[in-house]
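Engineer: predicted model and sequence follow; I will ask about them next.
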Amino acid sequence: MLSIRNRLSDRRLVLSYALTLFLILPLISSCQLVRVIRYNFADITDYAIFPNRPLQPSAQPFRFHQTEKPRYAQTFTDSLGETYNLDDHLHESDTVALLIVHNDTVQYERYLDGYEAASTVASFSMAKSIFSLLFGIAVDRGIIPSIEDPVTRYVPELAAHGFESVTLRHLLQMTSGLRFNEDPLNPLGQAASFYYGTSLRQQMTKLRLEHTPGTRFHYASGSTQLLGLVLERALNGPTLTDFLQKTVWTPLQMEYPASWTVDWSKPPLEKTFCCLNGSAQDFAKIGRLYARDGDWEGTQIISKEWIAESTHVDTTGGSIARYQYQWWLPFSKEDALLAQGLLGQYVYIDRARDVVIVRLGHTFGTVHWQDIFQQLSAYYE
């Protein structure tokens, strides 16, 4: 009897799945649907399933110092007061890499599940923070004259949909008023269309406003992707990957091959809302740059003014204290920054203590990583 019930249950599940596909098939493109069905949900290996533009490592890579006597907090406490051993918990939390750097010295470095220092991991929305760095360099160099420019100066086709009052600052602060479905589990949502779809430019022509710009915060990957289109048009020639390579990747002496995922359009456009693919060690160098106010070995990669402005707590114009210019400020204070991506990809920067922590994993696990990073960083008082 149980076997018959199981077969009936399985049959209902198949019929339900088939009906769902039948209903959504006319609503989304066949290519996107095939990818949604095939891959189901995002994974840190997704860099292998999409086209990309490569980022080349340096012939003379920068390396953090190693120590024979590493110092790190061996335990931490979660929000419920339960204490965990750091080494043991990494196995339990689907972590593939954890790196703690203090004063340019690696105090903890561990890789799991077959991953190693050279392994590539998809960063997901961590890329938004790295893109903020790239956008700031464009502002420093006058490529983008002002973040008070309306987005329609660069994307005039959006004027027909009322975007004349949306500024680049609004997009940076996620206060643009954009209507955007961010749910990664919704195959009909805009996040899935941006992630799995063939043409980001086409998707951006469909964007609409839901609120008056500058009145409320709404996290929307579409805002970051619009900024990517703005920068591509302002550069007027070099690709975003070319610009990142020249201004960030090469100067920071990245050690391992990396890439930036692009769409299938011609010419391709980088997915600026996500999808910079790299290693824990190289992601940590982005943290080091911000911990030093944009200075890299005596060269100012990005101005101190942009670093200060883009990480300054500002709650005007609908902005919120914990998010500034594509960076999270987890404790609403300017001495701690966080780049955060789907499934628990993080770069945490404690500027006061000169600590950078990178965590990469298959899933978020069961702990609140922001609190854990704070505890691990506080060890270096």
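Structural biologist: Ah, there it is.
Engineer: just to be sure, residue 50 is in a helix?
Structural biologist: No. Using DSSP: H, G, I helix; E, B strand; the rest coil, the assignment for residue 50 is coil, not a helix.
Engineer: next up, the contacts around it.
Structural biologist: Listed by C-beta atoms under 8 Å, 6 or more residues apart in numbering, the contact set of residue 50 reads 261-262, 275. No exception for glycine: its C-beta is placed from N, CA and C like everyone else's.
Engineer: go again with 10 Å.
Structural biologist: For residue 50, the contacting residues are 35, 39, 122, 195-196, 259, 261-264, 271, 275, 277, by C-beta atoms under 10 Å, 6 or more residues apart in numbering.
Engineer: ok, of those residues, which come out buried?
Structural biologist: Buried subset of those (neighbour count, 16 or more other C-beta atoms under 10 Å): 35, 122, 195-196, 259, 261-263, 271, 275, 277.
Engineer: among those, show me the least confident.
Structural biologist: On pLDDT alone, residue 35 ranks lowest of these, at 54.
Engineer: in strands, which of the buried ones among the contacts of residue 50 fall?
Structural biologist: If you go by DSSP state E, the buried ones among the contacts of residue 50 have 122, 259, 261, 277 in strands.
Engineer: include distance to residue 205 when you put those residues into a markdown table, please.
Structural biologist: Formatted as a markdown table, those follow (distance: C-beta to C-beta, whole Å):
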| residue | distance to residue 205 |
| --- | --- |
| 122 | 26 |
| 259 | 27 |
| 261 | 21 |
| 277 | 27 |
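Engineer: which of those sit farthest apart?
Structural biologist: Taking C-beta to C-beta as the measure, these span a maximum distance of 9.6 Å, between 122 and 259.
Engineer: what do the two both touch?
Structural biologist: Common neighbours of residue 122 and residue 259 (C-beta under 10 Å, 6+ apart) are 47-48, 50, 275-278.
Engineer: possible to save those residues as CSV with distance to residue 73?
Structural biologist: Output for the shared contacts of residue 122 and residue 259, formatted as CSV (distance: C-beta to C-beta, whole Å):
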residue, distance to residue 73
47, 32
48, 35
50, 37
275, 32
276, 29
277, 30
278, 26
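Engineer: from those residues, which is closest to residue 68?
Structural biologist: residue 278 (27.6 Å).
Engineer: which parts of stretch 89-101 are buried?
Structural biologist: Judged by neighbour count (16+ other C-beta under 10 Å), stretch 89-101 contains these buried residues: 89-90, 93-101.
Engineer: having no further points to raise, I will conclude here.
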